[in-house]
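Visitor: predicted model and sequence below, questions to follow.
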Amino acid sequence: MTRKKKTRVQKYDGRSSPEKLMEMLSQQMEACPDAGSLNDHAIIPFVAALEKVCGARGYVLNIFGETSNLIFTGNESYSREIYNLVEKYLDEIDTR
């Protein structure tokens, strides 16, 4: 007979370090040898978790990073439209 391993969900207590999370994510990402595995094993699970939590809470996010952007709308049609806008913009700057 096999037993299921219980997963412990740790509540945020205000003492958790963002640097520790960044380090854990970096290690997971660095273990991926190519863009496909990075997408499958790090990015998609992260985005799925973001969608689950933000969707349940009704958040809308537009996060601007130094060299990246992350948007959560909670609406599939908005997401597609934003994706198309970004793709169009990237295509335009690529031809400059």
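Guide: That came through fine.

Visitor: where exactly do the strands run in the chain?
Guide: For the chain, the strands defined by DSSP state E occupy 61-64, 69-72.

Visitor: and this protein, what are its domains?
Guide: 17-58, 60-96 (automatic domain parsing).

Visitor: of the strands of the chain, which is nearest E51?
Guide: Closest of the strands of the chain to E51 is strand 69-72, at 6.8 Å (criterion: C-beta to C-beta). All C-beta atoms are positioned from the backbone trio N, CA, C, and that covers glycine.

Visitor: residues contacting the closest one, please?
Guide: Under the criterion C-beta atoms under 8 Å, 6 or more residues apart in numbering, residues 50-51, 54, 59-63, 79, 82, 86 lie in contact with strand 69-72.

Visitor: one more: stretch 53-66?
Guide: By C-beta under 8 Å, 6+ apart, the residues outside stretch 53-66 that reach it are 69-74.

Visitor: in PyMOL, select just the buried ones from those residues.
Guide: Remark: buried members of the contacts of stretch 53-66, expressed as a PyMOL selection using 16 or more other C-beta atoms under 10 Å:
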select buried, resi 72+73
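
Visitor: tabulate the contacts of stretch 53-66 (a markdown table), appending pLDDT.
Guide: Compiled in a markdown table, the contacts of stretch 53-66 are given as follows (pLDDT from 0 to 100):
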| residue | pLDDT |
| --- | --- |
| N69 | 90 |
| L70 | 92 |
| I71 | 92 |
| F72 | 92 |
| T73 | 92 |
| G74 | 91 |
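
Visitor: between the contacts of stretch 53-66, which is closest to H41?
Guide: The closest of those to H41 turns out to be L70 (C-beta to C-beta; 18.4 Å).

Visitor: quick one: that closest one and T95, what's the gap?
Guide: Distance, L70 to T95, using C-beta to C-beta, to the nearest Å: 25 Å.

Visitor: how much space separates the most centrally placed residue in the chain from E92?
Guide: Nearest to the geometric centre of the chain sits V47, at 3.4 Å (C-alpha atoms, centre = their mean). Distance of V47 to E92, computed by C-beta to C-beta: 25 Å.

Visitor: same question, L38
Guide: 26 Å.

Visitor: residues near C32, how many?
Guide: Neighbourhood size, C32 [other C-beta atoms under 10 Å]: 15.
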